[in-house]
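> my questions concern the predicted model and sequence given below.
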Amino acid sequence: MNDLHVWWRRNCVGLLQVDRDDRMTFCYDAQWLASADAFPISLSLPLRSEPHRDTAHQFFANLLPEADVRARLCQRLKVTPTTLWKIDGGGTILVVERYDRRRENNTIYRLYQEDFCQALGRSPLRKYQKEGGPRPGDVAEILRRHGSLPSEDLRLLVRWGLFNWLFGNGDAHAKNISLIFDPAGGIRLAPFYDLVCTRVYKSLDHHLAMSLGAQFDPGAVLQRDLEAYARELQVSPRMVRENVAELLETGTQRLEEAIAEFHTRHGNAPILEMVRLQVARNLKRATTLLR
């Protein structure tokens with residue numbers, strides 16, 4: 001079967017089809033287009049009666065899980081929310097409460113969201129900037145054009161990029177930052193997720209997924225790179241400097257608080273000491289280079 005109806009709650013939004021070349025196309029339903037409550041399912045798929053082709057394929061391809069997760073979807077796990085859970089075959093996963101759900105009385109509603117590969121119509125295979133994926137300026141432009149509170153979300157975007165640099169997250173690509181569509185609050189930058197210190201894993205690339213200015217090497221970021229970062233995002237250099245200073249001043253304390261909370265809830269884990277040492281090196285190096 002090559003046809004699939006796309007629904008939002010109880011309303012048919014449109015029809016997803018696969019053509020002879022195994023490319024997905026999407027066409028909005030006429031009743032959805034006529035509805036006063038109609039909204040586009042992606043910023044890259046505006047409301048129109050004509051079918052969407054290439055951008056539709058990119059959007060729906062971005063919905064699929066990555067890597068070998070697809071092969072594991074058949075596994076059913078009974079889990080408890082906001083905790084660590086042991087899985088069959090060994091290993092531990094973190095289960096968290098979803099931010100894209102809202103409870104009203106006894107009903108749970110989904111809040112619509114899309115990542116920035118989807119919003120920009122990019123392939124999920126191009127999520128890293130070096131591979132032709134979105135760069136920070138692309139994200140900032142979307143927030144300016146479509147966001148309900150662009151000034152506030154731009155400040156959050158600035159801080160996100162600086163945090164990833166200072167705390168060693170080299171996997172902050174365009175699928176790890178999203179927009180959320182809230183009927184009450186409009187289009188906003190979604191709460192951040194996948195904030196991981198990847199630098200402690202020797203097998204992973206230590207470069208940044210999105211650059212600071214033109215700099216991908218987190219150990220070589222200089223003041224001029226931060227100024228270029230501010231220009232790309234079209235924010236004041238002062239905003240960037242103030243956020244860097246605040247993260248350098250409070251970063252160690254906040255990390256220690258997070259580690260202490262983890263110890264209280266789950267006990268010790270060897271990786272935590274590795275994270276502590278790595279972040280300390282990052283903060284010290286940044287303090288030295290930015291003097």
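Structure's in. What do you need?
> report the beta-bridge partner residues of residue 6.
Counting by DSSP bridges, residue 6 is bridged to residue 14.
> thought residue 279 was touching residue 255?
Yes - between residue 279 and residue 255 there is a contact at 5.6 Å, judged by CB atoms under 8 Å. In this view, the C-beta of every residue, glycine as well, is placed from N, C-alpha and C.
> find residues that contact each of the two.
Contact criterion CB atoms under 8 Å, 6 or more residues apart in numbering; residues shared by residue 279 and residue 255: residue 167.
> what packs against the longest helix belonging to the chain?
In the chain, taking DSSP state H as the definition, the longest helix is helix 237-266. Applying 3 or more CB pairs under 8 Å, 6 or more residues apart in numbering; DSSP states H and E, one finds that helix 237-266 makes contact with helix 150-166, helix 223-233, helix 270-289.
> any stretches of the protein with poor pLDDT?
The model of the chain has pLDDT under 70 over residues 1-2, 65-81, 83-84.
> how is it divided into domains?
Using automatic domain parsing, the domain parsing of the chain gives 3-61, 113-289.
> tabulate those (JSON lines), appending mean neighbour count and distance to residue 104.
JSON lines is the format used below for those (neighbours: other CB atoms under 10 Å; distance: least, CB to CB, whole Å):
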{"stretch": "domain 3-61", "mean neighbour count": "15", "distance to residue 104": "12"}
{"stretch": "domain 113-289", "mean neighbour count": "17", "distance to residue 104": "11"}
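> please convert the ones you listed to JSON lines, extending it with distance to residue 97.
Listed next are those as JSON lines, based on distance: least, CB to CB, whole Å:
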{"stretch": "domain 3-61", "distance to residue 97": "21"}
{"stretch": "domain 113-289", "distance to residue 97": "11"}
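> re earlier: closest to residue 42 out of the helices and strands packed on helix 237-266?
Of all those, helix 150-166 sits nearest to residue 42, with 18.0 Å by CB to CB.
> before we move on, back to that, nearest to residue 144, of the helices and strands packed on helix 237-266?
Between the helices and strands packed on helix 237-266, helix 150-166 lies closest to residue 144; by CB to CB that is 4.9 Å.
> next, the angle helix 237-266 makes with that closest one.
60 degrees (axes from the mean of the first three to the mean of the last three CA atoms, to 10 degrees).
> show residues contacting helix 150-166.
Helix 150-166 is contacted by residues 136, 139-140, 143-144, 147, 169-170, 172, 177, 188-189, 192, 195, 208-210, 212, 218, 221, 229-230, 233, 235, 239-240, 243-244, 247-248, 251, 279, 282-283, 286 when judged by CB under 8 Å, 6+ apart.
> try it again with 7 Å
By CB atoms under 7 Å, 6 or more residues apart in numbering, the surrounding residues in contact with helix 150-166 are 136, 139-140, 143-144, 147, 172, 177, 188-189, 192, 195, 208, 210, 212, 218, 221, 229, 233, 235, 239-240, 243-244, 247, 251, 282-283, 286.
> which SS state does residue 94 fall under?
Using DSSP: H, G, I helix; E, B strand; the rest coil, the structure places residue 94 in strand.
> tell me what it is bridged to.
Taking DSSP bridges as the rule, residue 94 bridges to residue 84.
> and if you look at the one 10 residues further on?
Legend: beta-bridge partners of residue 104 under DSSP bridges are residue 107.
> OK, contacts around the closest residue to residue 111 other than its chain neighbours?
Leaving aside its sequence neighbours, residue 111 sits nearest to residue 100 (CB to CB, 6 or more residues apart in numbering; 4.5 Å). Residues in contact with residue 100 (CB under 7 Å, 6+ apart) are 110-111, 113, 180.
> mind putting those in CSV, distance to residue 89 included?
Output for the contacts of residue 100, formatted as CSV (distance: CB to CB, whole Å):
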residue, distance to residue 89
110, 31
111, 33
113, 31
180, 34
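> residues contacting the most centrally placed residue in the chain?
Centroid-nearest residue in the chain: residue 177, 1.8 Å away (criterion: CA atoms, centre = their mean). By CB under 7 Å, 6+ apart, residue 177 lies in contact with 115-116, 139, 160.
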